[in-house]
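Trainee: below are the sequence and a predicted model for it; my questions follow.
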Amino acid sequence: MDIKSMKYYLYWLYCQFELITCSYLMEPWEKLLFYSFNITMLVMVLYIAYIFVPVHITMAFQFFLHLFGNQHENTVSIVK
Amino acid sequence: TRDGDEMVCNRLYKRPFNEAFEETPMLVAVLTYVGYGVLTLFGYLRDFMRQWKIEKCQNATEREEQKDFVPLYQDFENFYNRNLYMRIRDSWNRPICSVPGAKVDMMERVSHDYNWTFTYTGRVIKDIINMGSYNYLGFAQKAGTCQEAAAKVLSQYGAGVCSTRQEMGNLDKHEELEKLVARFLGVESAMAYGMGFATNSMNIPALVGKGCLILSDELNHASLVLGARLSGATIRIFKHNNMQSLEKLLKDAIVHGQPRTRRPWKKILILVEGIYSMEGSIVRLPEVIALKKKYKSYLYLDEAHSIGALGPTGRGVVEYFGLSPEDVDVMMGTFTKSFGAAGGYIGGKKELIDYLRTYSHSAVYATSLSPPVVEQIITSMKCIMGEDGTNVGKARVQQLAENTRYFRRRLKEMGFIIYGNEDSPVVPLMLYMPAKIGAFGREMLKRNIGVVVVGFPATPIIESRARFCLSAAHTKEMLDTALKEINEVGDLLQLKYSRHRLVPLLDRPFDETTYEETED
């Protein structure tokens, strides 16, 4: 029963997306074009996030550590 | 002067004046623009495809020989028409095939090419609850005293008049009607015309001309705007129902006079409507009359939607506020809405109406009212006044008031944004987003309720709405059914935008600081 209400809720969310972006009014080929554009952009954003966000976070973390701590622990550990 | 204004208004208004226009929520406005942006992009794509013959062009274009001339279809209105209006066009111009009473029959139609052409399936959808017709007192009937009287007159006089009022078209029925209208309104004399729109557009040029000033409300009907423009007078617009704006314009007009020559204006005419049908708001008539008297100008009141619908005995907005009809110089109204007929009237002093009988374009050139229509108006008006011996009219007026209060209260409780005055039978429900205009119309028709949805250009582009017109013919069961379906569709389409941050306008004039003060 919970799966059913969950599915209905997801369908309702999809309807709201259709109404807000006006894809409810589009012809099928326009919908295809619009959704493929949207999904492409979304996939690209997720992929870029997957590649770059960890690198950026570690770089930022090291920068703040250097700024506030100014330790030489890093060089020590690398030599080791 | 704030307390002074408040005291003045408490003295002018004998009953509370509750009008509210809830502000558009910011997120909803942003999402509406997003929707319009997407549709605009797709509109450009489709126009490109039509231009380069990738897609068949089904709308009107110029001929090949005219392609080098000034383009006819390049402005925003035509772009909107081709790309946005066409997508949701099935919600309008729906053909009905029965009398538009509380329930109506509609012909079913489908479109196989996305609303460019329609075909009838042959099926008739029966008993659709009619929330769109201007049938305020329920006189749109096919059986009853009005219909019998009209049928009798039809067999006596026929349907056509074949002449204008000034030539051979002045029937004794017209004289009877005009005396009755004058008695109904409480004025000295009245004149009736064949078409409500033409009453405004053809008579305002007869009343004012060059050298006169017209002060017209922002949201006046197209007939008033057309009449004002045809007259050649100077037109100045004041903000909707805003008495400070009107007073400022009146002061400027009196102090500065005409633009170049500084001569005093020959006449100042204020054009207002009783109920504004897109907003559901009622004019602040006591204040307008006080201003009119102070600055010695004239008032033209268009009671198209309020005659029969407001006031304890249905005499319109003048009775609703408890004022005297002698304060309004020109009382105009239509017979289309509350009397179930067609046509318009103008009422006022005898000199004014005698002048209009000679100088109005309508009287000279337009065919007069058809006799069965006149009889319908006479019978329905006598019914409202109680002169036919029953109290059917009074019961209908009270039923309409009850229906109005009940319907508006229930919709507000459900959480929709409803514009307008508590007592107006026109109920605009805000939709905002373009896809929801089409979706609302279609979903309500699936559930057997016929509604009128309105978008650009009749309203500002983001404030599209669904407009319900209540009727005395709606029973409580019909209203409950309609409310249940509206509730369902509201949940399905997520239309319940109201955050209950109503700014209740107290007995105090609206000004810019009213919002800041009562915000929570």
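Mentor: That came in fine, so what should we check first? Numbers count the residues shown, from 1 in each chain, chains lettered A, B, ... in the order given.

Trainee: so which strand or helix has the residue in the stretch 401-520 of chain B that chain A sits nearest to?
Mentor: Taking Cβ to the nearest Cβ as the measure, the stretch 401-520 of chain B has residue B:435 as its residue closest to chain A, at 4.4 Å. C-betas here are computed from N, CA, C, even on glycine. Assigning secondary structure by DSSP states H and E places residue B:435 in helix B:434-446.

Trainee: using PDB, write out every CA atom in that helix.
Mentor: C-alpha atoms of helix B:434-446 as PDB (Å, rounded to 0.1, in the frame of the first residue of the first chain):
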ATOM      1  CA  PRO B 434      -0.200  29.200 -18.300                       C
ATOM      2  CA  ALA B 435      -0.400  25.400 -18.300                       C
ATOM      3  CA  LYS B 436      -2.800  25.500 -15.400                       C
ATOM      4  CA  ILE B 437      -5.200  27.600 -17.400                       C
ATOM      5  CA  GLY B 438      -5.700  24.800 -19.900                       C
ATOM      6  CA  ALA B 439      -5.500  22.100 -17.300                       C
ATOM      7  CA  PHE B 440      -8.200  23.700 -15.100                       C
ATOM      8  CA  GLY B 441     -10.600  24.100 -17.900                       C
ATOM      9  CA  ARG B 442     -10.200  20.600 -19.100                       C
ATOM     10  CA  GLU B 443     -10.200  18.900 -15.700                       C
ATOM     11  CA  MET B 444     -13.400  20.800 -14.700                       C
ATOM     12  CA  LEU B 445     -15.100  19.700 -17.900                       C
ATOM     13  CA  LYS B 446     -14.100  16.100 -17.300                       C
END
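
Trainee: who does the helix or strand following that helix pair up with?
Mentor: As assigned by DSSP H and E, the chain's next helix or strand after helix B:434-446 is strand B:449-450. Counting by DSSP bridges, the strands paired with strand B:449-450 are strand B:119-130 (parallel).

Trainee: any idea how far residue A:53 is from the spatially most central residue of chain A?
Mentor: Centroid-nearest residue in chain A: residue A:46, 4.3 Å away (criterion: Cα atoms, centre = their mean). As for residue A:46, its distance to residue A:53 is 10 Å (criterion: Cβ to Cβ, to the nearest Å).

Trainee: what of residue B:460?
Mentor: Taking Cβ to Cβ, one finds residue B:460 at 42 Å from residue A:53.

Trainee: low-confidence ranges, chain B, go.
Mentor: Across chain B, residues meeting the criterion (pLDDT under 70) sit at B:1-10, B:501-520.

Trainee: who in it is up against chain A?
Mentor: Neighbours of chain A within chain B, by Cβ under 8 Å from any Cβ of the partner chain: B:31, B:34-36, B:38-39, B:42, B:87-88, B:114, B:433-436, B:438-439, B:492-494.

Trainee: show me the strands in chain A, by range?
Mentor: Using DSSP state E, no strands are assigned anywhere in chain A.

Trainee: pick out the residue in the stretch 101-250 of chain B sitting closest to chain A.
Mentor: Nearest to chain A in the stretch 101-250 of chain B, going by Cβ to the nearest Cβ, is residue B:114, at a distance of 5.8 Å.

Trainee: for that residue, what are its contacts?
Mentor: If a contact means Cβ atoms under 8 Å, 6 or more residues apart in numbering or on different chains, then residue B:114 has A:27, B:86, B:87 as its contacts.

Trainee: SS state for it?
Mentor: Under the three-state scheme (DSSP: H, G, I helix; E, B strand; the rest coil), the conformation of residue B:114 reads as coil.

Trainee: how much space separates it from residue B:179?
Mentor: Residue B:114 sits 54 Å away from residue B:179, going by Cβ to Cβ.

Trainee: next: residue B:400.
Mentor: To residue B:179, residue B:400 is 26 Å away according to Cβ to Cβ.

Trainee: residues touching the residue nearest to the spatial centre of chain B, list them.
Mentor: Geometric centre of chain B, nearest residue: residue B:277, 3.3 Å, by Cα atoms, centre = their mean. Residue B:277 makes contact with B:221, B:304, B:305, B:426, B:467, according to Cβ under 8 Å, 6+ apart.

Trainee: which among those gets closest to residue B:336?
Mentor: residue B:304 (7.5 Å; Cβ to Cβ).

Trainee: identify the residues contacting the residue lying closest to the closest one once chain neighbours are set aside.
Mentor: Spatial nearest neighbour of residue B:304, chain neighbours left out: residue B:334 (4.5 Å); criterion: Cβ to Cβ, 6 or more residues apart in numbering or on different chains. Residues in contact with residue B:334, defined by Cβ under 8 Å, 6+ apart, are B:196, B:199, B:304, B:307, B:343, B:344, B:345.

Trainee: report the beta-bridge partners for residue B:334.
Mentor: On the basis of DSSP bridges, residue B:334 is bridged to residue B:344.

Trainee: how close does it sit to residue B:171?
Mentor: According to Cβ to Cβ, residue B:334 and residue B:171 sit 20 Å apart.

Trainee: what do you get for residue B:407?
Mentor: Residue B:407 sits 40 Å away from residue B:171, going by Cβ to Cβ.

Trainee: more neighbours, the two?
Mentor: Higher neighbour count among residue B:407 and residue B:171: residue B:407, with 22 against 19, using other Cβ atoms under 10 Å in any protein chain shown.

Trainee: hmm, the longest helix belonging to chain A in reach of chain B?
Mentor: As assigned by DSSP state H, the longest helix anywhere in chain A is helix A:28-68. Yes - contact of helix A:28-68 with chain B (Cβ under 8 Å from any Cβ) involves A:30, A:34.

Trainee: does anything pack onto that helix? Which helices or strands?
Mentor: Contacts defined by 3 or more Cβ pairs under 8 Å, 6 or more residues apart in numbering or on different chains; DSSP states H and E place helix A:28-68 against helix B:26-51.

Trainee: now name the helix or strand holding residue B:271.
Mentor: Using DSSP H and E, residue B:271 falls within strand B:268-273.

Trainee: sheet partners, orientation included, of that strand?
Mentor: In its sheet, and by DSSP bridges, strand B:268-273 pairs with strand B:213-217 (parallel), strand B:298-302 (parallel).

Trainee: next helix or strand past the first one?
Mentor: Translated: strand B:213-217. Counting by DSSP H and E, the next helix or strand C-terminal to strand B:213-217 is helix B:222-231.

Trainee: also the last one?
Mentor: Beyond strand B:298-302 in the direction of the C-terminus, DSSP H and E gives the next helix or strand as helix B:317-320.

Trainee: any stretches of chain A with poor pLDDT?
Mentor: Checking chain A against pLDDT under 70 turns up A:1, A:70-80.

Trainee: just the buried positions in stretch B:63-80, please.
Mentor: By 16 or more other Cβ atoms under 10 Å in any protein chain shown, the buried positions in stretch B:63-80 come out as B:79, B:80.

Trainee: quick one on the thing from earlier: distance check, the residue nearest to residue B:304 against residue B:166.
Mentor: From residue B:334 to residue B:166 the distance is 22 Å (Cβ to Cβ).

Trainee: hmm, residue B:464 is touching residue B:434, no?
Mentor: Yes - when contacts are counted by Cβ atoms under 8 Å, residue B:464 is listed as touching residue B:434 (6.9 Å).

Trainee: overlap in contacts of those two?
Mentor: Counting by Cβ under 8 Å, 6+ apart, the shared contacts of residue B:464 and residue B:434 are residue B:455.
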